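Chemist: below are the sequence and a predicted model for it; my questions follow.
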Amino acid sequence: DTAVSQTPKYLVTQMGNDKSIKCEQNLGHDTMYWYKQDSKKFLKIMFSYNNKELIINETVPNRFSPKSPDKAHLNLHINSLELGDSAVYFCASSQPTPTGELFFGEGSRLTVL
Amino acid sequence: AQTVTQSQPEMSVQEAETVTLSCTYDTSESDYYLFWYKQPPSRQMILVIRQEAYKQQNATENRFSVNFQKAAKSFSLKISDSQLGDAAMYFCAYRSAGIGNQFYFGTGTSLTVIP
């Protein structure tokens, strides 16, 4: 009964392709996030949605497009993949109250060849 | 923006010994929340411990405790009686109580536990 689930767990693809990662949470949280973790393990916020509305959009190439069909889902679509996009992408959710911790998915490892 | 600094990229500890991981942060806010997350090789991010800035008492969870020094903006994690399963990356995180409630993460400390 996974709280935050993301699929697929692994993607291997060629440069120039388009790929999507899906995320779903069953915690009833209002806020969802996408984080990128690079090879040095740095965690960088990419996007944040609150009740389907975009509230954080860090400096991310516009090849990355998040979509939130409802507050339980936040998908990430990446166009024209580049080598530098190789990373682990984490979906997370939380309540918007400051006491709320982040609940993370298991991560999706994207490898661009 | 708030910054979170973990000055120890790597640490090691003997099994059953105690280790302290450092974290400092920069903020002008008076109300905020601090967290330590653990990321084992499985890569799942797991909450270890949480501290509310308005509480003077240091948080404790079993073998894990924090030393929260608000004036010094310091939030270190102490792991007592270290176990092999404690080997992981540890991330310090700050959550603003203000608009957006954004989380800010440190760069992580890789902890090795030596049998």
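Modeler: Right, received. Where do you want to start?

Chemist: separation between the residue nearest to residue B:85 when sequence neighbours are not counted and residue B:84?
Modeler: Excluding its sequence neighbours, the residue lying closest to residue B:85 (Cβ to Cβ, 6 or more residues apart in numbering or on different chains) is residue B:40, at 7.6 Å. Heads up, the C-betas are built off the backbone N, CA and C, glycines and all. Per Cβ to Cβ, to the nearest Å, residue B:40 is found 11 Å from residue B:84.

Chemist: with neighbour numbers in mind, choose between those two.
Modeler: residue B:40 (13 against 9; other Cβ atoms under 10 Å in any protein chain shown).

Chemist: residues in contact with the residue nearest to residue B:85?
Modeler: B:46, B:85, B:87, B:88, B:89 (Cβ atoms under 8 Å, 6 or more residues apart in numbering or on different chains).

Chemist: which among these end up buried?
Modeler: With burial judged by 16 or more other Cβ atoms under 10 Å in any protein chain shown, the buried subset of the contacts of residue B:40 is B:87, B:88, B:89.

Chemist: neighbouring contacts of the lowest-mean-pLDDT helix or strand in chain B?
Modeler: Ranked by mean pLDDT, DSSP states H and E, the weakest helix or strand in chain B is strand B:103-105, scoring a mean of 91. Residues from elsewhere that reach strand B:103-105 (Cβ under 8 Å, 6+ apart): A:33, A:42-43, A:45, A:94, A:102, B:1-4, B:25, B:35, B:37, B:91-96.

Chemist: ok, stretch B:81-88 next?
Modeler: With Cβ under 8 Å, 6+ apart as the test, stretch B:81-88 has contacts from B:13-19, B:38-41, B:63, B:79, B:110-113, B:115.
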